[in-house]
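**Student:** Next comes the sequence, and after it the predicted model I'd like to discuss.
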Amino acid sequence: MPADTPFDRTEVIPTNWSAGAAYVRDTDEWVERCLARVLELDAVLKPEEARAVVRELATRERWRTMAPEAVADQLYAKPPTRGAG
C-alpha cells in the first residue's frame, strides 16, 4: 500500500470506551443512564425534552461509544477560557 493513502490520513478519535470504560450494549440502558445524569445536572430540564436529545445522541457513534454518564458530564462541562493578554 502506498504511503499516501486516505487511511494514512485518517484521524483516530479517542473515546472513553477505548480507554477502558465499559461499553453499554443495550441502547435503552444507555439512554436511561445518560438521561438520569442529565437530569441530575439540569433540574430545570423537562424529562421528555431531555429524553429526545439523549435518544438523538445515542444514534451518534462518537457519543454512543462513551459511557453514558460521561456524555452527560461532557455536555454540561464548561468550555475552557482563554487567559487575558
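**Tutor:** Everything's here; your move.
**Student:** Identify each buried residue in the longest helix belonging to the chain, please.
**Tutor:** Ranked by residue count and defined by DSSP state H, the top helix of the chain is helix 27-41. Buried residues in helix 27-41, counted by 16 or more other Cβ atoms under 10 Å: 30-31, 33-39. To be clear about C-beta, it is placed using only N, CA and C from the backbone, and glycine gets the same treatment.
**Student:** Helix or strand with the lowest mean pLDDT in this structure?
**Tutor:** helix 61-64 (a mean of 93; mean pLDDT, DSSP states H and E).
**Student:** export the buried residues of helix 27-41 to JSON lines and tack on pLDDT and distance to Trp63?
**Tutor:** What follows is these, written out as JSON lines (pLDDT from 0 to 100; distance: Cβ to Cβ, whole Å):
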{"residue": "Trp30", "pLDDT": "96", "distance to Trp63": "9"}
{"residue": "Val31", "pLDDT": "97", "distance to Trp63": "11"}
{"residue": "Arg33", "pLDDT": "96", "distance to Trp63": "13"}
{"residue": "Cys34", "pLDDT": "97", "distance to Trp63": "8"}
{"residue": "Leu35", "pLDDT": "98", "distance to Trp63": "13"}
{"residue": "Ala36", "pLDDT": "97", "distance to Trp63": "16"}
{"residue": "Arg37", "pLDDT": "97", "distance to Trp63": "13"}
{"residue": "Val38", "pLDDT": "97", "distance to Trp63": "12"}
{"residue": "Leu39", "pLDDT": "97", "distance to Trp63": "17"}
